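next input, structure requested:
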Amino acid sequence: MWKNIFQKKKTVEKPPEGDGIRTIRTTNLFQVLNFELYVKPNMMVMAFGVCSITLSAAYLVYLRMNMDPKTYIAINEDGTQTLMEKKSKWE
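Now for the predicted structure:
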């Protein structure tokens, strides 16, 4: 009788389905270093990131297409900018 009172009953709780890596026992250091694995996805932040990367890439493509490959901008000693043509060192 006394054995049954003092024995601890072990109950195993099953984690909810679909939680993935969040259900695995890990150290706090691993959770801090891999923070993105334990946070639920935020669609607003994800949409903002995709839009900003897309717009940045489009801007770089736009600059590349409108740039004349034979010219460059030189900054003079007094701080003014001058559009110069590239010259070959072989000429």
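
from here on, contacts and neighbour counts on C-alpha atoms
Noted.

and the next helix or strand past the helix or strand where Tyr62 lies?
Counting by DSSP states H and E, the element that carries Tyr62 is helix 43-66. Remark: after helix 43-66, the chain's next helix or strand is strand 71-75, criterion DSSP H and E.

which other residues reach the helix or strand just after that following strand?
Remark: after strand 71-75, the chain's next helix or strand is strand 81-85, criterion DSSP H and E. Contact with strand 81-85 is made by 70-76, as judged by C-alpha atoms under 8 Å, 6 or more residues apart in numbering.

what do you get if the cut-off is 7 Å, keeping everything else the same?
Outside of strand 81-85, the residues within contact range by C-alpha atoms under 7 Å, 6 or more residues apart in numbering are 70-75.

between it and strand 71-75, how many degrees?
Compare the direction of strand 81-85 with that of strand 71-75 by axes from the mean of the first three to the mean of the last three C-alpha atoms, to 10 degrees and you get 140 degrees.

can you report phi and psi for Lys40?
Main-chain dihedrals, Lys40, degrees, to the nearest 10: phi -70, psi 140.

could you measure from it over to Met46?
Per C-alpha to C-alpha, to the nearest Å, Lys40 is found 11 Å from Met46.

please identify which of the two sits among more neighbours.
Legend: neighbour count by other C-alpha atoms under 10 Å for Lys40 and Met46, higher for Met46 (11 against 8).

for Ser56, see how far away the more buried one is.
Separation of Met46 from Ser56 (C-alpha to C-alpha) stands at 15 Å.

give me the helix or strand of this structure that scores worst on average pLDDT.
Confidence across the helices and strands of the chain bottoms out at helix 2-6, with a mean of 60, counting by mean pLDDT, DSSP states H and E.

next helix or strand past that helix?
Using DSSP H and E, the helix or strand that follows helix 2-6 towards the C-terminus is helix 28-33.

check which helices and strands that next one sits against.
The helices and strands touching helix 28-33, judged by 3 or more C-alpha pairs under 7 Å, 6 or more residues apart in numbering; DSSP states H and E, number zero.
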